[in-house]
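Asks: I would like to see how this sequence folds:
(one chain, ligands or ions: 1)
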Amino acid sequence: MSKIKNLKKASSRIKKAINNKENIILFSDADLDGVTSLIILEETIKNLGGNISSRYIFNRGKEGNGLSENALKFLKKYAPGLLILMDCGIGNFKEVDSAQKLGFEVLIIDHHLILGKIPRAEIVIDPKQKTDKYAFKFLAACGICFKLSQELLKNKKCLSLEQSLLELAAIGTLSDKMPLEEDNKTLIEDGLAHLPFTLRPGLKVFFKIFNLGKYFVNEIVQKIISILQHTEMKNHLNESYKLLTSAHDKEIEKKVKKLIERSLKQLELVKEIVQKIEKKVSSDSVFIFEGEKDVSIDFTGSIASRLFAKFQKPIFIFAVKNNIIRGSARAPKEINSVEALSHCSFCLKDYGGHAPASGFCLKKQNLGKFKICLEEYFLNLDESI
Ligand SMILES: [Mn+2]
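Replies: Alright, predicted model coming up:
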């Protein structure tokens with residue numbers, strides 16, 4: 001079977017960077033797919049004797065989607081070097097150019113839909129590129145990073161490392177709600193088989209708190225996902241990253257219990273907002289379009305998913321902050337949410353994602369125009385079906 005396009009090329013480039021002691025910068029999304037992608041590559045590169053100059057998990061609410069001028073301002077001190085973008089990047093046309101001007105070579109590892117063109121990065125891995133002949137198109141970013149890790153470790157296989165990275169790939173793939181078939185099915189089955197015996201202190205603790213006699217492995221994994229999917233950020237890293245990479249310390253159980261408490265509170269808040277929106281929805285609306293002032297961008301996705309489960313129609317939920325609107329979209333099978341956003345891209349600052357689930361950002365002044373544009377899009381779609 002053929003390999004994912006540019007996987008080999010990326011592996012050779014990373015090996016060259018390790019051998020030449022170049023700066024390597026790992027940059028990822030803050031959700032669990034992004035964080036597990038970052039850790040998989042970090043631990044693989046370290047295992048091969050490489051050094052990571054900087055890790056940067058971006059803050060969607062503050063910096064927008066993927067690489068930003070703000071992040072580059074911070075990272076430029078590491079140029080020249082190899083900048084690796086994970087679970088993001090495929091829509092960062094301008095920012096990739098800026099990174100190169102600063103002296104970076106850019107490697108994109110993404111799995112989101114291609115938005116018409118491809119950024120001018122040195123190497124782009126995204127199985128959704130038309131020119132990628134790899135048959136399976138629905139790996140999460142962490143699944144691609146796991147395959148890249150295997151390519152990198154080819155002659156230096158270490159079973160315990162591979163198992164430990166598989167555990168992360170399984171968690172990241174499940175958290176991104178990728179289809180549970182083909183490559184994903186294998187990754188998840190293998191990863192879940194190892195998880196109860198994990199050596200990673202930050203995962204071990206969950207199996208201590210949620211007893212395996214009481215819960216199935218996949219139930220515990222779902223708990224891990226809901227607790228670690230969105231955690232607080234400090235110095236461009238989040239608590240999930242810190243927990244999943246920490247050595248054992250006596251405080252670890254206490255820290256996880258705090259995270260559990262916080263995620264329960266967040267869940268309550270999400271439920272409240274969902275109920276509030278449910279009351280506003282009229283049964284004949286073609287799509288749901290609602291904004292909330294106090295909601296964090298981290299939760300627009302889970303609010304949209306809950307509403308989608310109930311109404312089964314296109315959902316657009318957004319947060320408003322400093323005149324900038326960021327939100328999440330969900331859509332039923334017959335509708336491509338990214339296509340809808342792309343139809344209205346003239347009102348948007350950025351957008352991207354997958355057909356059933358995507359994200360968008362715009363200036364507040366364009367909100368009215370955006371809604372009208374979506375109305376028109378869904379009306380035309382209705383007529384053509
Ligand atoms: Mn992802």
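Asks: Now do the top helix by length along the chain: which elements does it pack against?
Replies: For the chain, the helix reaching the highest residue count under DSSP state H is reported as helix 252-280. Applying 3 or more Cβ pairs under 8 Å, 6 or more residues apart in numbering; DSSP states H and E, one finds that helix 252-280 contacts helix 201-209, helix 217-228, helix 239-245, strand 288-292, helix 297-311. Just so you know, the C-beta spots here come from the backbone N, C-alpha and C atoms, and that holds for glycine as well.
Asks: and the first one, what does it pack onto?
Replies: In this case it means helix 201-209. helix 217-228, helix 239-245, helix 252-280.
Asks: With distance to the ion as new columns, can the ones you listed be given to me in JSON lines?
Replies: Conversion of these to JSON lines gives the following (distance: least, Cβ to the ion, whole Å):
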{"stretch": "helix 217-228", "distance to the ion": "13"}
{"stretch": "helix 239-245", "distance to the ion": "14"}
{"stretch": "helix 252-280", "distance to the ion": "20"}
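Asks: Determine which stretch of the ones you listed is the most buried.
Replies: With neighbours defined by mean count of other Cβ atoms under 10 Å, none of the helices and strands packed on helix 201-209 is more surrounded on average than helix 239-245, at a mean of 21.
Asks: distance between stretch 34-48 and the chain's centre?
Replies: Relative to the mean C-alpha coordinate of its chain, stretch 34-48 is positioned 15 Å out (Cα atoms, centre = their mean, to the nearest Å).
Asks: Can you verify my assumption that Glu167 contacts Thr198?
Replies: Yes. Contact status for Glu167 versus Thr198: in contact at 5.6 Å, counting by Cβ atoms under 8 Å.
Asks: The two: who's more crowded?
Replies: Glu167 (24 against 18; other Cβ atoms under 10 Å).
Asks: What separation do you get for that one and the ion?
Replies: In this structure, Glu167 and the ion are 17 Å apart, going by Cβ to the ion, to the nearest Å.
Asks: which SSE is that residue in?
Replies: Taking DSSP states H and E as the criterion, Glu167 maps to helix 159-175.
Asks: Just list what that helix packs against, helices and strands only.
Replies: helix 32-47, helix 141-152, helix 182-194, helix 217-228.
Asks: before we move on, the earlier item: would TSV of the helices and strands packed on helix 252-280 with distance to Asp87 and mean pLDDT be doable?
Replies: Listed next are those as TSV, based on distance: least, Cβ to Cβ, whole Å; pLDDT from 0 to 100:
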stretch	distance to Asp87	mean pLDDT
helix 201-209	20	95
helix 217-228	15	96
helix 239-245	13	97
strand 288-292	25	92
helix 297-311	14	94
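Asks: now the helices and strands packed on helix 159-175 as a markdown table including distance to Lys349?
Replies: What follows is the helices and strands packed on helix 159-175, written out as a markdown table (distance: least, Cβ to Cβ, whole Å):
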| stretch | distance to Lys349 |
| --- | --- |
| helix 32-47 | 20 |
| helix 141-152 | 22 |
| helix 182-194 | 32 |
| helix 217-228 | 28 |
